[in-house]
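Participant: With the input below, show me the fold.
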Amino acid sequence: MRKPRLAYIAQFAHPGSYDKSKWVRVLGGDDETIGFKALLDSAGLAEAFEYVGVSAHEGEDISLDYDVAVLGGSFASVHDDYPWQREIQKWLAAWRPTGKPLMGICGGHQQMAVVLGGHVGKRPEGPVVGSLPVTRTEAGRAHWLFNGFTEASPFFFGNFDHVDLAPPGASILASRPGLPCAALDYGGNWVSVQFHPETTCDRMATCWAEIDPEQSRRYSFIPDCQRMVENFLRHSLETFTPA
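Facilitator: Okay, the predicted model is just below:
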């Protein structure tokens, strides 16, 4: 039987807007598609999917010929309106009617919300940074995305912008003070989170090395936060029906 085709769509940063040398000691450097492949390997899911990494911010084409997709985070704000961001939004609008699973992370969370009619604004209190827990709603406590997590489980946050108004019909799964929409289920196999369950503390600390080095100290090791991505991928496998 054909394996589902899984894409990790990176939108890391606008080319030329950051110092690549900061990333030489991190697995994959600034190429998040390599880090995501390592997550698949560690979860024992590498053989379950045909994996493709797409660097959308570098101008690589995004296809509808995937079965499952994860849209990563970004240093860029959704309001920057770069050409590659517009391409991602076009893809999201075309992907939505397919009913295929999609998980958005941080900037991906914000892109999905905007495309479906929500709103993203800058936090007046400043960025949310660190290894922090969320407060689940009733819907979130029953949701498969949070299987294996406790109410105290932390996740990696690092964001200036946030979804301050959920799209019509979306269910809020979790929040934090000043983050009313930290996790969303949009129906139609779409979920997204403001935090980073896919990454590591050293990668998050490196993200802040250029912006504000003192913020890098706010990250502590979280041994199992990637379980949330595993939950999404295993749920996607359960719903996959090859054509």
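Participant: contacts, neighbours, all on C-alpha from now
Facilitator: Fine.
Participant: Now the closest residue in space to Asp161 that isn't next to it in sequence: phi and psi?
Facilitator: The spatial neighbour of Asp161 that comes closest, neighbours along the chain excluded (CA to CA, 6 or more residues apart in numbering), is Lys122 at 4.2 Å. Lys122 adopts backbone torsions of phi -80, psi 140, taken as degrees, to the nearest 10.
Participant: Over to the one 5 residues further on?
Facilitator: Note on Pro127: backbone dihedrals following degrees, to the nearest 10 are phi -70, psi 150.
Participant: Against Ala48, how distant is the spatially closest residue to it that is not a sequence neighbour?
Facilitator: Leaving aside its chain neighbours, Pro127 sits nearest to Phe160 (4.2 Å; criterion: CA to CA, 6+ apart). Noted for Phe160: a distance of 35 Å to Ala48, by CA to CA, to the nearest Å.
Participant: try Val193
Facilitator: Val193 is 24 Å from Ala48, by CA to CA.
Participant: Also Pro133?
Facilitator: 30 Å.
Participant: cool, Thr200 as well?
Facilitator: For Thr200, the distance to Ala48 - CA to CA - is 23 Å.
Participant: Between those two, point out the one with more neighbours.
Facilitator: Thr200 (21 against 16; other CA atoms under 10 Å).
Participant: hang on, isn't the more buried one packed against Tyr219?
Facilitator: No: with contact defined as CA atoms under 8 Å, Thr200 does not count as touching Tyr219 (9.2 Å).
Participant: Spatially central residue for the chain, please.
Facilitator: The centroid of the chain falls nearest to Ile105 when counting by CA atoms, centre = their mean (1.4 Å).
Participant: State the distance from that one to Pro223.
Facilitator: In terms of CA to CA, Ile105 sits 18 Å off from Pro223.
Participant: How about Asp19?
Facilitator: 28 Å.
Participant: for Gln89, same thing?
Facilitator: 33 Å.
Participant: quick one, helices of the protein?
Facilitator: 32-43, 83-95, 107-115, 138-141, 201-211, 227-239 (DSSP state H).
Participant: need these in TSV with distance to Gly178, can you?
Facilitator: TSV is the format used below for those (distance: least, CA to CA, whole Å):
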stretch	distance to Gly178
helix 32-43	28
helix 83-95	26
helix 107-115	15
helix 138-141	18
helix 201-211	20
helix 227-239	22
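Participant: Where does pLDDT dip in this protein?
Facilitator: Within the chain, the stretches with pLDDT under 70 are 243.
Participant: In the longest strand belonging to the chain, which of the residues would be classed as buried?
Facilitator: Longest strand of the chain, by residue count under DSSP state E: strand 179-187. For strand 179-187, the neighbour count (16 or more other CA atoms under 10 Å) marks 179-186 as buried.
Participant: try stretch 82-93
Facilitator: 84-85, 87-89, 92.
Participant: Surely Gly104 touches Val68?
Facilitator: No: between Gly104 and Val68 there is no contact under CA under 8 Å: 11.5 Å.
Participant: contacting residues for Ser17?
Facilitator: Neighbour list for Ser17: empty [criterion: CA atoms under 8 Å, 6 or more residues apart in numbering].
Participant: could you measure it against Phe75, distance?
Facilitator: 9 Å.
Participant: got it, and Phe155?
Facilitator: 18 Å.
Participant: If you count surrounding residues, which of the two has more?
Facilitator: It is Phe155, of Phe155 and Phe75, that has more neighbours when counted by other CA under 10 Å, with 26 against 17.
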